[in-house]
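# Here is a sequence together with a model predicted from it:
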Amino acid sequence: MTPVLTADSHDSVVTVDPRVAMAVESLAADLLPCADGRIDDPAWIRRADRLSHELPAELRRSLADFARDPGPAGALLVRGLPVDEELIGPTPMVGGSVQREATIPAAVLMLLTQALGQPISFRPEKSGAMVHDVVPVPGSEEFQGNEGSALLTFHNENAFHPHRPDYVLLLCVRADHERVAGLRTASIRQVNHLLDPAHRDILLQPEFATAPPPSFALPAEQSRPHAVLSGAPEDPDLLVDFAATRPLTERAAQAMGALQQLFAAHALTHRLLPGDLAIVDNRVTVHGRTGFTPRYDGRDRWLHRTFAVQNLRRSRVHRVGDGHVLTG
């Protein structure tokens, strides 16, 4: 299994060979019965953590390399993971859908999540479940979140939150009918050198505020003023949600608009197939989705989603009993 870096797109892709896929599936099967298959049970999560250390060395190495340096695109595509589309049942069509009972795809996703860091979830979002369903929901077509099917605007996941995830993991268990839905990613590493220096200086200033996404069902109060870029000027971190971040000055609006245009021009599109896992470094990369047309026939696009952090201790005050669910 050899990581491939495509020079023209800077898109990192790892293809899992059948031998590695079988080993991953065997570990997932071992995880299924723990805690009676209750994914959110602390015992199930602990068992997933232990088993993640038994993942094939070449897969763990690729994940560790990405965690150390996510590359120019700040995203990694892992292909060939064990997902049997015929065994997963119909695509859910209700709001707030999550995975509560362990399946092979959910277990595979959690094993790879644990290999990157520690999983987290947020109590106000999907009731704190660890594994989310990303599916189109009737009546929510224009929803700027995981239940919509219209164009999803670029965003850092949970940009309003002081303990947002370091990584967003999206495992495709079923593609859309026409296979036109595309996960879009754009990294500040791709465009930082293209920013006008004056715009970059403004983006480094606390002249922006961000509201919670609709999936949190929280009051639309803004975060404290924050910068869009922070850290090393030559390799900054990124914090923006173009649907929820509000510029507080006219010059901030102009700088944010310039950044959005650069992201649109240099974005990568990943049309995920069953067994494809996209990992987005949420510190340097925004993601979104192209629009698609659901049929609501039980065979629509279906992703599983998890979040991971490298430093779980940092959010201890927000986690009851040192668990994995942030209360607010």
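Looks like it came in fine. Since we're looking at a predicted model, the values are computed, not measured.
# where do the strands sit along the stretch 151-300 of the chain?
Assigned by DSSP state E, counting those that start in this stretch, the strands in the stretch 151-300 of the chain fall at 152-155, 167-174, 183-187, 208-210, 229-230, 237-238, 245-247, 268-270, 277-281, 285-289.
# Using JSON lines, please lay out those together with mean pLDDT and mean neighbour count.
Every C-beta, even on glycine, is put in place using the N, C-alpha and C of the backbone. Formatted as JSON lines, those follow (pLDDT from 0 to 100; neighbours: other CB atoms under 10 Å):
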{"stretch": "strand 152-155", "mean pLDDT": "97", "mean neighbour count": "20"}
{"stretch": "strand 167-174", "mean pLDDT": "98", "mean neighbour count": "25"}
{"stretch": "strand 183-187", "mean pLDDT": "98", "mean neighbour count": "24"}
{"stretch": "strand 208-210", "mean pLDDT": "96", "mean neighbour count": "23"}
{"stretch": "strand 229-230", "mean pLDDT": "98", "mean neighbour count": "19"}
{"stretch": "strand 237-238", "mean pLDDT": "98", "mean neighbour count": "21"}
{"stretch": "strand 245-247", "mean pLDDT": "96", "mean neighbour count": "19"}
{"stretch": "strand 268-270", "mean pLDDT": "96", "mean neighbour count": "19"}
{"stretch": "strand 277-281", "mean pLDDT": "98", "mean neighbour count": "25"}
{"stretch": "strand 285-289", "mean pLDDT": "98", "mean neighbour count": "24"}
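# Residue 133: which of these is closest?
Of all these, it is strand 167-174 that lies closest to residue 133, at 9.1 Å by CB to CB.
# For that closest one, C-alpha coordinates in CSV please.
Output of strand 167-174 as CSV, limited to C-alpha atoms (Å, rounded to 0.1, in the frame of the first residue of the first chain):
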residue,chain,number,x,y,z
TYR,A,167,-10.0,16.0,12.1
VAL,A,168,-13.3,15.3,10.3
LEU,A,169,-13.6,11.8,8.9
LEU,A,170,-16.2,10.9,6.3
LEU,A,171,-16.7,7.3,5.3
CYS,A,172,-18.8,6.6,2.2
VAL,A,173,-21.1,3.6,2.6
ARG,A,174,-23.3,4.5,-0.4
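# what does that strand rub up against?
81, 83, 85, 88, 91, 105, 108-109, 112-113, 116-117, 134, 157, 183, 272-282, 287, 299-309 (CB atoms under 8 Å, 6 or more residues apart in numbering).
# Just the buried ones out of those, please.
81, 83, 85, 88, 91, 105, 108-109, 112-113, 116-117, 134, 157, 183, 272, 274-282, 287, 300-309 (16 or more other CB atoms under 10 Å).
# mind listing which of those are in helices?
105, 108-109, 112-113, 116 (DSSP state H).
# ok, back up a step: how about the strands of the stretch 151-300 of the chain, which one is nearest residue 32?
strand 167-174 (15.7 Å).
# the helices in the chain, which residues?
Assigned by DSSP H, the chain shows helices spanning 18-31, 42-52, 57-68, 104-116, 188-191, 197-203, 250-266.
# Save the ones you listed as JSON lines, and put in mean pLDDT and distance to residue 143 too.
Below are the helices of the chain laid out as JSON lines (pLDDT from 0 to 100; distance: least, CB to CB, whole Å):
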{"stretch": "helix 18-31", "mean pLDDT": "97", "distance to residue 143": "31"}
{"stretch": "helix 42-52", "mean pLDDT": "98", "distance to residue 143": "29"}
{"stretch": "helix 57-68", "mean pLDDT": "96", "distance to residue 143": "30"}
{"stretch": "helix 104-116", "mean pLDDT": "98", "distance to residue 143": "23"}
{"stretch": "helix 188-191", "mean pLDDT": "97", "distance to residue 143": "26"}
{"stretch": "helix 197-203", "mean pLDDT": "98", "distance to residue 143": "28"}
{"stretch": "helix 250-266", "mean pLDDT": "98", "distance to residue 143": "20"}
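# now, of these, which is deepest in the fold?
Mean neighbour count (mean count of other CB atoms under 10 Å) peaks for helix 104-116 among the helices of the chain, with a mean of 25.
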